[in-house]
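Student: Predicted model, plus sequence, below.
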Amino acid sequence: MRTTVPPRTHTQRSALVAAAAALATAAVLALPQSAGAAETAPIGYGAGTTGGGSATPVTVSTLAAFQSAVTGNAAKVVRVNGLISLSGQVDIGSNTTVLGVGSSSGFTGGGLRIKEETNVVVRNLNISKPVAPADGITVQESTKVWIDHNSFSADRSHDKDYYDGLLDINHGSDNVTVSWNTFKEHFKGSLVGHSDNNASEDTGHLKVTYHHNHFGNVYSRIPSLRFGTGHFYNNYVDGAETACHSRMGAQMLVENNVFRNTGVAVTTNRSSDVDGYANLRGNDLGGAATEISRVGSFTTPPYSYTAESASSVVASVTSGAGAGKL
Ligand SMILES: *[C@@H]1O[C@H](CO)[C@@H](O)[C@H](O)[C@H]1NC(C)=O
Ligand SMILES: *[C@@H]1O[C@H](CO)[C@@H](O)[C@H](O)[C@H]1NC(C)=O
Ligand SMILES: *[C@@H]1O[C@H](CO)[C@@H](O)[C@H](O)[C@H]1NC(C)=O
Ligand SMILES: CC(=O)N[C@H]1CO[C@H](CO)[C@@H](O)[C@@H]1O
């Protein structure tokens, strides 16, 4: 995992040196994002996810080598070097970190699936054009997942169902953090909870944190959340029809985000039998509408985090999100 960061100004360096001298390592990691350093561990519901941890990395550049390297539950760090074409999805085992090399390594045509696994980290990949029924990444019946600094994209010249989701989380998955990714040129962004009929599987689960992601020209599902609990903070949404969609009793806290060129920033009463709940604070809606039929009770996430002001979110997210920014 690279820890190199862009050159800093003298003032920033001085501030960092002073901070480093004054604070323990854990506190330094909590420096404001404007300092430019990528987190080394997930913040939010995915906290505690370590993937392959400090296992010696293996580097692969073919689909066959990748498939074999990510199989099984032993601790492993798998670096992907180059852009690999595939159809369908590759299953990732537990205790795995998948890490792209450089800024354009990853997968096109399909994606990754984390099914019935735990403790998986996916970072720094370029994942594009996942032809249905493959999602860019599917997280299914899995816990402790960190999806960080990836670039997801498709195109909007095909029918809306030609590609599947960019990042879908379902079947009672839990404890997931989605941070510093870009999601671009797509219809169906991120579906959390795939069906109104899955109450028994999903109720009490699907706890997800989305922070510092950039959704650019994604039509909807930013995210769509059924049954679960979602914390959506410091994201930049540009060019959506409908962004946050809380349904089937889901609780969403929508905090300090920026919306631009967006029709509806948050809705709780569309397309499902039962409405969701939402609580909004500190957002810059940029003129977007909201449709809040039920104000939620989820106002205090059970973890520590620092939400920056909406006024600095566009700068932070456009400079820091996506592959190649670790
Ligand atoms: C993941 O690794 C931990 C620590 O080695 C181990 O206890 C656990 O069984 C592994 N998980 C799975 C699903 O094998
Ligand atoms: C990601 O991959 C897509 C498809 O190959 C490509 O169009 C895009 O330029 C890539 N992005 C980066 C940052 O390399
Ligand atoms: C999710 O994380 C919380 C806090 O660490 C933990 O108590 C809970 O057991 C986890 N849930 C699952 C399903 O792993
Ligand atoms: C437990 C549960 O509710 N499972 C349902 C999830 O949704 C699928 C359809 O997508 C049903 O087949 C399952 O019974």
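Tutor: Noted; the coordinates are in hand. Ligands and ions are numbered 1, 2, ... in the order given.

Student: Spit out the contact partners of the residue in the stretch 101-250 of the chain that ligand 2 sits nearest to.
Tutor: Scanning the stretch 101-250 of the chain for the residue nearest ligand 2 gives Ser104, at 3.0 Å (criterion: CB to the nearest ligand atom). In this view, the C-beta of every residue, glycine as well, is placed from N, C-alpha and C. Contacts for Ser104 were tallied using CB atoms under 8 Å, 6 or more residues apart in numbering; they are Leu83, Asn126, Ala323, Gly324.

Student: From those residues, keep the buried residues only.
Tutor: Leu83, Asn126, Ala323 (16 or more other CB atoms under 10 Å).

Student: tell me which of these is nearest to ligand 3?
Tutor: Ligand 3 lies nearest to Ala323 out of the buried ones among the contacts of Ser104, by CB to the nearest ligand atom, at 27.3 Å.

Student: do you know how far the residue nearest to that closest one when sequence neighbours are not counted is from Gly136?
Tutor: Of all residues not flanking Ala323 in the chain, Ser151 sits nearest, at 4.4 Å (CB to CB, 6 or more residues apart in numbering). Between Ser151 and Gly136 the distance is 10 Å, computed by CB to CB, to the nearest Å.

Student: same deal with Gly230?
Tutor: Counting by CB to CB, the gap from Gly230 to Gly136 is 19 Å.

Student: Can you add pLDDT and give the buried ones among the contacts of Ser104 back as a markdown table?
Tutor: Shown next, in a markdown table, are these (pLDDT from 0 to 100):
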| residue | pLDDT |
| --- | --- |
| Leu83 | 98 |
| Asn126 | 97 |
| Ala323 | 97 |
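
Student: Inside strands: which ones of these?
Tutor: Leu83, Asn126 (DSSP state E).

Student: Kindly reformat the buried ones among the contacts of Ser104 as TSV and extend each row with distance to ligand 4.
Tutor: Formatted as TSV, those follow (distance: CB to the nearest ligand atom, whole Å):
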residue	distance to ligand 4
Leu83	32
Asn126	30
Ala323	32
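
Student: Could you dump the buried ones among the contacts of Ser104 into a markdown table with distance to Val266 added?
Tutor: Formatted as a markdown table, the buried ones among the contacts of Ser104 follow (distance: CB to CB, whole Å):
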| residue | distance to Val266 |
| --- | --- |
| Leu83 | 35 |
| Asn126 | 29 |
| Ala323 | 28 |
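
Student: Same list, the buried ones among the contacts of Ser104, but only the ones touching ligand 2.
Tutor: Leu83, Asn126, Ala323 (CB under 6 Å from any ligand atom).

Student: Quick one: mean pLDDT over the helix or strand harbouring Gln67.
Tutor: In this structure, Gln67 sits in helix 63-69 according to DSSP states H and E. Regarding helix 63-69, the rounded mean pLDDT is 98.

Student: neighbouring strands for whichever helix or strand comes after it, and are they parallel or not?
Tutor: The element immediately downstream of helix 63-69 (helix or strand, assigned by DSSP H and E) is strand 76-80. Taking DSSP bridges as the criterion, strand 76-80 forms sheet pairs with strand 58-60 (parallel), strand 96-100 (parallel).

Student: Quick one: mean pLDDT over the longest one.
Tutor: If you average the pLDDT over strand 96-100, you get 98.

Student: What lies in contact with that strand?
Tutor: Contacts of strand 96-100 (CB under 8 Å, 6+ apart): 1, 51-53, 55, 57, 70, 75-80, 92, 106, 112, 117, 119-126, 150, 323.
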